[in-house]
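Enquirer: The following comprises the amino acid sequence and a computationally predicted model.
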Amino acid sequence: QVQLVESGGGLVQAGGSARLSCAVSGRTFNVMAWFRQVAGKEREFVASLMWSTSADYAESVKDRFTISSDNTKNTVYLQMNSLKPEDTAQYYCAAATYYTGRNLPTEYEYWGQGIQVTVSS
């Protein structure tokens, strides 16, 4: 049974940092990603990591967020620096077998339950 369990997040002041973790169990995946969603809006792509080496980022987080993985722990991380109030959202970890580069939510097969990150101004 595949499970993705997020941890980290919470309340952070603007300009601060936070790290999200996603522990994966059940199998390994070629592509891992983070998405985020604000109530009433569509889920949006944040970052992806293919084969634990090739990263892609949304323009809004480039140079501030870093996606990485620890294969020994089967865990994916999202290091978030220089956080802004507009980064406030529910963050979701996602896993896919195939990578197309389009970073659409529909291309990801498994999802975590989501974790809230709130950035105060």
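Expert: Received, thanks.

Enquirer: so what's residue 30 up against?
Expert: 50-51, 96-99 (C-beta atoms under 8 Å, 6 or more residues apart in numbering). Glycine gets a C-beta too; all of them are placed from N, C-alpha and C.

Enquirer: Which residue, other than its chain neighbours, is closest to residue 48?
Expert: residue 33 (3.9 Å; C-beta to C-beta, 6 or more residues apart in numbering).

Enquirer: Which secondary structure state is assigned to the one you found?
Expert: strand (DSSP: H, G, I helix; E, B strand; the rest coil).

Enquirer: and the gap between it and residue 20?
Expert: Distance, residue 33 to residue 20, by C-beta to C-beta, to the nearest Å: 12 Å.

Enquirer: The two: who's more crowded?
Expert: A side-by-side neighbour count of residue 33 and residue 20, using other C-beta atoms under 10 Å, places residue 33 first with 28 against 23.

Enquirer: Who does the more buried one form a beta bridge with?
Expert: Per DSSP bridges, the residues bridged to residue 33 are residue 48, residue 94.

Enquirer: pretty sure it is touching residue 54, no?
Expert: No. Residue 33 is beyond contact range of residue 54, at 11.9 Å (criterion: C-beta atoms under 8 Å).

Enquirer: Tell me the pLDDT of the residue nearest the centre of the chain.
Expert: Centroid-nearest residue in the chain: residue 34, 2.1 Å away (criterion: C-alpha atoms, centre = their mean). You'll see residue 34 listed with a pLDDT of 98.

Enquirer: Same check on the one 5 residues further on?
Expert: At residue 39, the model reports a pLDDT of 94.

Enquirer: Many thanks, I have nothing further to ask.
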